[in-house]
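J.: How does the following fold in three dimensions:
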Amino acid sequence: MNINKLLKKQIEKYLDGDSLKLPQMQGFINAINNSYNSYEKDQALSTHAFKISEQDYAAINDQLKEEINIKRQGIKNLTEAINNIEDNTETNTSVDVNKDNMVGTFGYLNEQINKRKKVEQELKNSEYLLSATANRLSHLITNLNTGILLEDESRNIVLTNHLFCDIFCIPALPEEMKGMSCINSAEQSKHLFAAPDQLGASQIVAPIL
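T.: Coordinates of the predicted model:
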């Protein structure tokens, strides 16, 4: 019989040779030996399982730390993106959100997006109104009973009407004259005006009829 090391030491310390020869003692020693062996086996399994659990815990802990760092970096990047698109020229403020609060950050981003959408819609409405006003003004000018020619700062034609073309015998439609330069034509035709020296862009002058 393979005697457990601890049990063997105890037998050598407390029992003599005659006691070991007794049949009852042999059964008792065998039972104790089995218990010792089972205990040591269970202890070894428990120690091994604890080591595995400790390794798993460390691996899971490292993974959680990595996920937290990724989340924090994501919130940081998102916050920087919000600050980049936010118009702070008037308030002179920046986004300051909790780096661990992803929900709060997304809520703030959604709020800013809604504000920008509102501003964009207001701009579209303003552009529509300006376009409608410009169309009405253009229609009014082109139908005036006066020869009209509007130039920009570069002396290029912005708008004219049929009567102006008729007055100066211009063989072109008013729409075809948009964008054409008036520098040379103004020099050639300024003698027809009551104040030729004052002829220039952004001035209203009357031709001599």
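
J.: And the helices in this structure, which stretches?
T.: Secondary structure of the chain (DSSP state H): helices located at 5-14, 17-20, 23-85, 102-142, 162-167, 183-189.

J.: Switch the ones you listed over to JSON lines; also include mean pLDDT.
T.: As requested, the helices of the chain are exported to JSON lines (pLDDT from 0 to 100):
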{"stretch": "helix 5-14", "mean pLDDT": "83"}
{"stretch": "helix 17-20", "mean pLDDT": "74"}
{"stretch": "helix 23-85", "mean pLDDT": "80"}
{"stretch": "helix 102-142", "mean pLDDT": "77"}
{"stretch": "helix 162-167", "mean pLDDT": "86"}
{"stretch": "helix 183-189", "mean pLDDT": "68"}
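
J.: can you tell me how far residue 26 sits from residue 57?
T.: 46 Å (C-beta to C-beta, to the nearest Å). Every residue, glycine included, has its C-beta placed from N, CA and C.

J.: ok, residue 170 - contacts?
T.: By C-beta atoms under 8 Å, 6 or more residues apart in numbering, the residues touching residue 170 are 164, 177.

J.: Which phi and psi values does it adopt?
T.: With angles defined as degrees, to the nearest 10, residue 170 sits at phi -90, psi 120.

J.: tell me the pLDDT at it?
T.: Note on residue 170: pLDDT of 85.

J.: ditto for residue 204
T.: pLDDT for residue 204: 43.

J.: quick check: domain ranges of this structure?
T.: 5-123, 143-209 (automatic domain parsing).

J.: Reformat these as JSON lines; add distance to residue 137.
T.: Putting the domains of the chain into JSON lines (distance: least, C-beta to C-beta, whole Å) gives the following:
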{"stretch": "domain 5-123", "distance to residue 137": "21"}
{"stretch": "domain 143-209", "distance to residue 137": "9"}
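
J.: Go through those and pick out the most buried.
T.: Neighbour counts (mean count of other C-beta atoms under 10 Å) averaged over each of these peak at domain 143-209, with a mean of 13.

J.: picking up where we left off before, could you dump the helices of the chain to a markdown table with distance to residue 148?
T.: Formatted as a markdown table, the helices of the chain follow (distance: least, C-beta to C-beta, whole Å):
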| stretch | distance to residue 148 |
| --- | --- |
| helix 5-14 | 118 |
| helix 17-20 | 133 |
| helix 23-85 | 44 |
| helix 102-142 | 5 |
| helix 162-167 | 6 |
| helix 183-189 | 15 |
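
J.: quick one, which of these is nearest to residue 156?
T.: Set against residue 156 and scored by C-beta to C-beta, the helices of the chain come closest in helix 183-189, at 9.0 Å.

J.: ok, back up a step: what's the closest of the domains of the chain to residue 130?
T.: Nearest of the domains of the chain to residue 130, taken as C-beta to C-beta: domain 5-123 at 10.3 Å.

J.: That concludes my questions; thank you for your assistance.
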